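S.K.: What would the 3D arrangement of this be:
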Amino acid sequence: MTNQTLAPGVAPESRSQEGGRAIDLPGAVTVTAGLAVLVYAVVEAADAGWGSAQTIILLIVAAALLTLFVAIEQRTEVPLVRLGLFRLRTVSGANAVVLTAMAAIFGLFFFLSLYMQQVLGYTAFETGVAFLPLATGFVIGSGIATQLVGRVGFKPVIILGLVIFAVGLYLLSRVSVDGTFLENILPGSLVSALGGALAVVSLIIAGTTGVEERESGLASGLINSSQQIGAAFGLAILATVATSRTADLLAEGGGDPAAVPNALTEGFQDAFLAGAVIVLLGAVLAVGLLPARESESHRAETAESPEAQLAEDLGLARCRVPAFGGLFCRSAFGRLIGRGGAGDEAPADSGSGSG
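M.R.: Here you go, the predicted model:
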């Protein structure tokens, strides 16, 4: 409410120099309906069966709607999405890979929350507190990612992040009925957060690299849309995996209430493991789809940018917490910690690194 009240007086008005734009209503309706039907088909497939008439019909309808959307975009004068933008390998590759990353990230939060509450018996408050290391890991990992991309390019960071993320999900797939926070939750959470942050931040950078300034908003919107689509599909797929496993074990147990915790746990284990497989698939896609040349070009441009040089001249790249080879110091959080001594040169014979 505060932002809504203050924005008209603070934010300057801006208008497109190209004049009024028609709204691509047919394109918006078909793509929204197509994706909604597709997600619904995946969610209901667990109960109806993948080979059922319902699932097959829904998938056909979804495919028809999405095909119609592409046809509309190719013919309309002012398309919702200019399909030619996908000829840029940075755009198409980043959007394809971010689908896998977000599928696993949303599954991570969803199933870890269920495991803590339904199996370990955590309250909602205790679950929220248990998520703090995961959230903190994402914050720190995001700061590290921006600096790593500036040093080695976005492609190596994306691949590294996805591999680390997969390791974290594998650790979480080893949760047990009588697990503990320190043994079963914390290690996997921290590793997953670091890898997920490295991957997603770098993918956002990749998805807008090489795009003309007038289409930068479209490229950014595509990445955001792909994140939401990946989350929806990923959660639907992983939920199907978990519920199928749990239902099978409950059926074998004859409905015994004592079998519920173990059945739930094994369902969550399979979901985490499936998430790790999806993330590794994303790493393979990153290797094949993301262009190394543009990644290196972005690294070179970042290194030569006036902002980077100004930060170096002001000493903002130095702080007193030389973790991760100094990369932590170059993150926003690291600069905040080290700002008090940022401009001071360390004595040459002090024996301490400047980060």
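S.K.: could you list every residue that touches A45?
M.R.: Contacts here follow CB atoms under 8 Å, 6 or more residues apart in numbering; on that basis A45 touches 52, 55, 240. The C-beta positions use only the backbone N, C-alpha and C, and glycine is treated the same way.
S.K.: Pull up the gap between it and A96, please.
M.R.: Here the distance between A45 and A96 works out to 23 Å (CB to CB, to the nearest Å).
S.K.: Check I164 too.
M.R.: When distance is defined by CB to CB, I164 is 20 Å away from A96.
S.K.: With E126 instead?
M.R.: 38 Å.
S.K.: Between those two, tell me which one has more neighbours.
M.R.: Neighbours per residue, other CB atoms under 10 Å: of E126 and A96, the larger number sits with A96, 19 against 14.
S.K.: Would you state the helices of the stretch 1-150 of the chain in chain order?
M.R.: Secondary structure of the stretch 1-150 of the chain (DSSP state H, counting those that start in this stretch): helices at 2-10, 25-48, 53-75, 89-114, 124-130, 132-152.
S.K.: Report the mean confidence score over the shortest one.
M.R.: Average pLDDT, helix 124-130: 94.
S.K.: ok, how many other residues are close to S244?
M.R.: For S244, the tally of surrounding residues (other CB under 10 Å) stands at 15.
S.K.: Make 56 the starting number, not 1.
M.R.: Got it, first residue is 56 now, which makes that one S299.
S.K.: That one is in what secondary structure piece?
M.R.: With secondary structure defined by DSSP states H and E, S299 is part of helix 271-307.
S.K.: How far off centre is whichever helix or strand comes after that helix?
M.R.: Stepping forward along the backbone from helix 271-307, the first helix or strand reached (DSSP H and E) is helix 315-344. Per CA atoms, centre = their mean, to the nearest Å, the displacement of helix 315-344 from the mean C-alpha position of its chain is 14 Å.
S.K.: related to what we said a few turns ago, and the helix holding S299, what does it pack onto?
M.R.: Under the contact criterion of 3 or more CB pairs under 8 Å, 6 or more residues apart in numbering; DSSP states H and E, helix 271-307 touches helix 80-103, helix 144-169, helix 241-262, helix 315-344.
S.K.: could you give me the average pLDDT of that helix?
M.R.: Confidence over helix 271-307, taken as the mean pLDDT, stands at 87.
S.K.: Equivalent analysis for stretch 329-347, please.
M.R.: So the average pLDDT for stretch 329-347 ends up being 93.
S.K.: Over to stretch 91-107?
M.R.: 82.
S.K.: Would you mark the buried spots in that stretch?
M.R.: If you call a residue buried by 16 or more other CB atoms under 10 Å, then stretch 91-107 has these buried ones: 92-94, 96-101.
S.K.: Pull the number of nearby residues for the residue nearest to L277 when sequence neighbours are not counted.
M.R.: Once its chain neighbours are removed from consideration, L277 has its nearest residue in N150; the separation is 5.7 Å (CB to CB, 6 or more residues apart in numbering). By the measure other CB under 10 Å, the count of residues near N150 is 23.
S.K.: Spit out the contact partners of N150.
M.R.: With contacts defined as CB under 8 Å, 6+ apart, the neighbours of N150 are 141, 262, 277-278, 281.
S.K.: quick one: it from I219, how far?
M.R.: Applying CB to CB, the value for N150 to I219 is 21 Å.
S.K.: tell me the angle the helix holding S299 makes with helix 241-262.
M.R.: Between the axes of helix 271-307 and helix 241-262, defined by axes from the mean of the first three to the mean of the last three CA atoms, to 10 degrees, the angle is 150 degrees.
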